[in-house]
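> following is a predicted model, sequence given first.
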4 protein chains.
Amino acid sequence: MRAIMYNPISVEPELREVNVPSIGEHEVLIKVRAAALNHRDLHITNPNNKKEFIYGSDGAGEIIEVGKSVKNWTKGDQVIINSQISCMECEYCLRGEHSLCDAGSVLGGVKWPGTFADYVKVPSVNAAPKPIHLSYAEAAALPLALGTAWRALITKAKLKPGESMLIQGIGGGVALYCLQIASAIGAKVFVSSGSDDKIRRAVILGALDGFNYKSAAQDPMSLSEKGYDVIVSSSAASIESSIRYAKKGGRIVQFSYLGNAIPQFDIDAVMGKQLQIIGSAMHTYSEFIEMLRYVEQSKLVPIISRRLPLDHFHEGFKEMENGNQFGKIVFEM
Amino acid sequence: MRAIMYNPISVEPELREVNVPSIGEHEVLIKVRAAALNHRDLHITNPNNKKEFIYGSDGAGEIIEVGKSVKNWTKGDQVIINSQISCMECEYCLRGEHSLCDAGSVLGGVKWPGTFADYVKVPSVNAAPKPIHLSYAEAAALPLALGTAWRALITKAKLKPGESMLIQGIGGGVALYCLQIASAIGAKVFVSSGSDDKIRRAVILGALDGFNYKSAAQDPMSLSEKGYDVIVSSSAASIESSIRYAKKGGRIVQFSYLGNAIPQFDIDAVMGKQLQIIGSAMHTYSEFIEMLRYVEQSKLVPIISRRLPLDHFHEGFKEMENGNQFGKIVFEM
Amino acid sequence: MRAIMYNPISVEPELREVNVPSIGEHEVLIKVRAAALNHRDLHITNPNNKKEFIYGSDGAGEIIEVGKSVKNWTKGDQVIINSQISCMECEYCLRGEHSLCDAGSVLGGVKWPGTFADYVKVPSVNAAPKPIHLSYAEAAALPLALGTAWRALITKAKLKPGESMLIQGIGGGVALYCLQIASAIGAKVFVSSGSDDKIRRAVILGALDGFNYKSAAQDPMSLSEKGYDVIVSSSAASIESSIRYAKKGGRIVQFSYLGNAIPQFDIDAVMGKQLQIIGSAMHTYSEFIEMLRYVEQSKLVPIISRRLPLDHFHEGFKEMENGNQFGKIVFEM
Amino acid sequence: MRAIMYNPISVEPELREVNVPSIGEHEVLIKVRAAALNHRDLHITNPNNKKEFIYGSDGAGEIIEVGKSVKNWTKGDQVIINSQISCMECEYCLRGEHSLCDAGSVLGGVKWPGTFADYVKVPSVNAAPKPIHLSYAEAAALPLALGTAWRALITKAKLKPGESMLIQGIGGGVALYCLQIASAIGAKVFVSSGSDDKIRRAVILGALDGFNYKSAAQDPMSLSEKGYDVIVSSSAASIESSIRYAKKGGRIVQFSYLGNAIPQFDIDAVMGKQLQIIGSAMHTYSEFIEMLRYVEQSKLVPIISRRLPLDHFHEGFKEMENGNQFGKIVFEM
Ligand SMILES: [Zn+2]
Ligand SMILES: [Zn+2]
Ligand SMILES: [Zn+2]
Ligand SMILES: [Zn+2]
């Protein structure tokens, strides 16, 4: 089968021909129909990684083989893939906190082959029915990004209807899902971005307003009288400004890695305004179920920036590197 | 001024001419433009009440006089009235749990004259800006019923997007606000009613389906596979069936009095399914602020069953007694 | 090996000689050193049960064999047994709510042979290190009863230091653990019982006072000015009085089955006082870990009513039936 | 009367003779019997403060006069003073979050004269009965420090029995109350300090162990296998190490100002370990009630470092400046 693999020598992704994986008794084999790109795929393309692997955390497709102990799936079922595989035995898994698992892995890495391939295997508990109103490409755009947004907004920030919210850095997959969900439930959503065009598109999707942190034409505090109840924050710059923009008693959720940046920040403001800074990563199995129920009920449709055939993967990686995307980049097989 | 008063001899409401109230230093006087009827107005029309009072908990109007210590209001401000007046000193008020106040009162009773009058006085903290997109009649339909729905759904049930929910007995003000909010935030909402017509109208407003507990043509459990995550329940009959219809781990919120009915109920099911039965009454000052923020952002418009001039109050009381209303009954002055 | 088995013909427990169980790859075999009796053992001794089984949910002992995939245990390890076996795949298990498992079982029943035997097998995840400061008999007294108390008090009631609390019906295992934990964390604990002697012993263990619901010499409301913040309730009679004794905003946790009793109760009081009635059953894997950490830190020692050799099991069953015990009844092998 | 006042010219406290305050209708006048020193008293002794004021947030004494609307107090009542005065009208007060009040003040500052005087006036709601088992000096040691500890541990960190906890910097009032409460409820408490002597004394009070961050003889991570569930943190240095020492899913509560220090910190670790950094300040009226109930039930006795007559105030300020105290410094009148 075809697979996009990491080459530790060139430190580049490349298309290769490899064997179709064979499955264990609790696993299923999926014919991948679509797979989405994540920042994670870029992060793991770095010289510290010395071993090859198949890329891709997100995907949707058709079950073509089931392990002998698998009861809930049959050949032909259309599924979406939960990208996170947990041990189910460590204290975090037993607490239902799978994204803290002591021995977990994510599809698309040395521990578990990913979805940028014609076939992928996963534990049967990691497959869920594809939402009927979505195409494979749309479904593939959900797992990692929507899971991250769901945990950040619903579980961690506990965003309530009517609250004011700032999304720092609009345009990526997680940020856009935050925008879609928060608008739908009646929060007052504002965005920040370095691009006027992205702000304009966010407003079309439900944001009340936005400010461009490059031009700084607008004072973000002017958007919301007393600051924001909830801020979701995804960059090194934004943690510092988030503390400034947060309302007293506000919650700031950080859902992505900053890389090597080590920001300074005003701990006195955290204490004086009694803020909460909350780290949130990925999602749990239970959150995956919850978010799919919501997608089904709300008929949410992901924003897709670009669809590409799998062998044009270079264009996809390039676009994400440039930060030009607005929505998910999806490969179709 | 005109006022609808309770006559303890006839045990009936009647229109009377009374003095305009004079205000204290922390109070404001409001020219009432519209006032809404609540079940509470019917409940307090009973022979146990030996003293006369002015009816009416809900209202909206214009500030025409402010007490000398009042700083945040000026003559002409258009306001909506928070029906619940709390002592701000008891342990419950200090906890922010104003609807448990040891010394509180509700507008429209012996302790505090109500809104079914040309003028009403309230503490300045009990007035809030009228939402701009609503008429006085629509604004008057909000306080008690939306406050009760908000506390029940958001604070108590902590309803999450995507959860399944059953509203037992659709048609009243609180139940309809529950329907509007729950649908908006992406819950899967079902209703029960004794009237097919009310079910039909609920479906138009966003309910997925409903069942008629009189005809029993449909098994309510067929609507939602494993039962409901959240049930809001308002009648003697419904607490018993709610326990049956609740999903394992579900929450049942009881937001109204049943009167003299003392239901039997299956405590073994409460324990076995690990349910929560939660009593919820009225709302707090903070919830009043929250819900108005949501109304403003979501542009929620109340369902009004009927508008009547104040002196036609008898028709309004009659309609509510018959249980025919679908939405709020509002008097206009 | 010896085993106490249910005889569906006599509807009685009896001592039998059976084969030592053989273990699966994820299981361990335990030489049982002590096992404790629970109300559950009495409840399942009824004519509706048509199949034989080995009794016993609670136990402690020594690992004597480990399945081939088991890594965390070795022969000779001293362990305590988590009585509840969950599927780890249903939506409840994925949420960490194992005691709601769609396909779970409890040691000591048709689905899984129990601990009233010389040997018992369990999944490796169901064994935990025996607290060092406890004997086997003491350790065997912990799992089901302490797990139930922990979930009821800590997870469900969220009891806080300084709160007032009433334990309805002192003397059983769960109630006594509630008393020990609640006193230790600084709650004001009161008890009810039909026996003055049990009340006296509860006071020695830390209760502030108690009332005898048979003699009714004392008004329970006189014990705590405004009612109780938290009530744990275990009998048909007590749910009704618990609603009366609860303080406004209070929480009532029901942790055991009442059998066929279907109590009437005052739903208007539930709503007016804004109470929560919370069903709580058994415990989760995570709560099992938490409670053992607490036992280790607090050096909690269970109250044991009586120790008996296994073949005197009839005396143990009899004592529990009569309701005379104060603490756990433990069999030693 | 005598009063310790801030002199804006010398930037020093000094003893002066001033008028006894006169009270408003909702206020009470208290003969101060003891008053405790806080870090706050040092912080506000700085050249930025241009106006004089009477020092002192904490105190206990006897009511000698009550305002005409005050009903719950009479002359002679022995009381403890809640140091924080809130507006009861802003959105935070209405939420019960008084320490975020938009218009609040703390006793001992320009807005409200403090307790380092023979008499002090406070709103009647700011007095509470002195715990019977405590002397005036002990009672005076409670309010600000215990309130801060209570909010940090119980409300914010939601510390549970059995959890592991690290107190960064033992010796001050808040830290010692954290130690006393956390030990009592069965947490595994560790401390850090720059003084071996303070560690030794903390261990006597219930800490399991401690490490000296100056000598660094011991690796703090060796004390608790996988890090700490809860860390309370009070210095610039400690926020950085707290992030390192926290267990996955852990909570770090920052309860004091660092002054001008702006620490760098590893936001990637916050995200990767999914930590919560929680700012906590002072306490609410409700927490004040809660903590006094706990004090009464647990018979908690504050650790007092030193008692001094009021006119020896210079010695007290000096001792706190040097950081040598272990417990509260109390002035007696
Ligand atoms: Zn795990
Ligand atoms: Zn009150
Ligand atoms: Zn399960
Ligand atoms: Zn305030």
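Everything's here; your move. Note that this is a predicted model, so its numbers are computed, not measured. Ligands and ions are numbered 1, 2, ... in the order given.
> pick out the residue of the stretch 101-250 of chain A closest to chain C.
Residue nearest to chain C within the stretch 101-250 of chain A: residue A:125 (5.5 Å; CB to the nearest CB). C-beta coordinates here come from the backbone N, C-alpha and C atoms, glycine included.
> wait, that residue sits on residue C:87?
No - here residue A:125 does not reach residue C:87: they are 10.4 Å apart, not a contact under CB atoms under 8 Å.
> more crowded one of the two?
When residue A:125 is set against residue C:87 and neighbours are counted by other CB atoms under 10 Å in any protein chain shown, the residue ahead is residue A:125, at 22 against 14.
> in a helix, that's where the more buried one is, yeah?
Yes - Residue A:125: assigned to a helix according to DSSP: H, G, I helix; E, B strand; the rest coil.
> where's the residue nearest the centre of chain A relative to ligand 1, distance?
Centroid-nearest residue in chain A, with CA atoms, centre = their mean: residue A:145, separated by 1.8 Å. Between residue A:145 and ligand 1 the distance is 22 Å, computed by CB to the ion, to the nearest Å.
> residues near the residue of the stretch 101-250 of chain A found nearest ligand 1, how many?
Ligand 1 sits closest to residue A:101 of the stretch 101-250 of chain A, with a gap of 3.2 Å, by CB to the ion. Other residues near residue A:101 come to 21 when the count uses other CB under 10 Å.
> show the pLDDT at it.
Residue A:101 carries a pLDDT value of 96.
> tell me the contacts of the residue lying farthest from the centre of chain A?
For chain A, the largest distance from the centre (CA atoms, centre = their mean) belongs to residue A:272, which lies 32.2 Å off. By CB atoms under 8 Å, 6 or more residues apart in numbering or on different chains, the contact set of residue A:272 is D:257, D:279, D:281.
> for chain A, what lies in contact range of ligand 1?
A:86-87, A:90, A:93, A:101 (CB under 5 Å from the ion).
> right, and the helix or strand after the top helix by length along chain A?
Criterion DSSP state H: the longest helix present in chain A is helix A:285-298. Tracing the chain past helix A:285-298, the next element assigned as helix or strand by DSSP states H and E is strand A:304-309.
> quick check: mean pLDDT of that following strand?
96.
> quick check: angle from the next helix or strand after that strand to strand A:304-309?
Downstream of strand A:304-309, the next assigned helix or strand under DSSP H and E is helix A:313-322. Helix A:313-322 and strand A:304-309 are oriented at 160 degrees to each other (axes from the mean of the first three to the mean of the last three CA atoms, to 10 degrees).
> contacting residues around the closest residue to ligand 2 within chain A?
Residue nearest to ligand 2 within chain A (CB to the ion): residue A:249, separated by 22.3 Å. The contact partners of residue A:249, by CB under 8 Å, 6+ apart, come to A:229, A:273-275, D:92, D:95, D:97, D:100.
> likewise residue A:191?
So residue A:191 contacts A:166-168, A:170, A:175, A:179, A:198-199, A:202, A:207, A:209-210 (CB under 8 Å, 6+ apart).
> ok, what's across the strand from it?
residue A:167, residue A:210 (DSSP bridges).
> hmm, back to that, for the residue of chain A closest to ligand 2, pull up the helix or strand it's in.
Using DSSP H and E, residue A:249 falls within strand A:246-254.
> list the buried residues in the helix or strand that that strand is followed by.
Following strand A:246-254 in sequence order, the next helix or strand is helix A:267-272 (DSSP H and E). Residues of helix A:267-272 classed as buried by neighbour count (16 or more other CB atoms under 10 Å in any protein chain shown): A:267-271.
> so what's the nearest residue to residue A:244 once chain neighbours are set aside up against?
The spatially closest residue to residue A:244, leaving aside those adjacent along the chain, is residue A:269, at 7.1 Å (CB to CB, 6 or more residues apart in numbering or on different chains). Counting by CB under 8 Å, 6+ apart, residue A:269 touches A:243-244, A:275.
> ditto for residue A:180
The neighbours of residue A:180, taking CB under 8 Å, 6+ apart as the test, are A:205-206, A:300, A:303.
> put together a markdown table for the residues you listed, with distance to ligand 2 and neighbour count on each row.
Below are these laid out as a markdown table (distance: CB to the ion, whole Å; neighbours: other CB atoms under 10 Å in any protein chain shown):
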| residue | distance to ligand 2 | neighbour count |
| --- | --- | --- |
| A:205 | 44 | 16 |
| A:206 | 39 | 15 |
| A:300 | 43 | 21 |
| A:303 | 48 | 18 |
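> ok, of the residues you listed, which one's closest to ligand 4?
residue A:206 (32.7 Å).
> that closest one touches residue A:181, doesn't it?
No - applying CB under 8 Å, one finds residue A:206 not in contact with residue A:181, separated by 9.9 Å.
> worst-scoring helix or strand of chain A, pLDDT-wise?
helix A:220-223 (a mean of 65; mean pLDDT, DSSP states H and E).
> torsion angles phi and psi at the residue in the stretch 51-200 of chain A positioned nearest to chain B?
Using CB to the nearest CB, residue A:162 is the residue of the stretch 51-200 of chain A that sits closest to chain B, at 3.2 Å. Note on residue A:162: its backbone torsions stand at phi 90, psi -10 [degrees, to the nearest 10].
> hmm, back to that, what separates the strand holding residue A:249 from the chain centre, distance-wise?
Relative to the chain's own centre, strand A:246-254 is displaced by 21 Å; criterion: CA atoms, centre = their mean, to the nearest Å.
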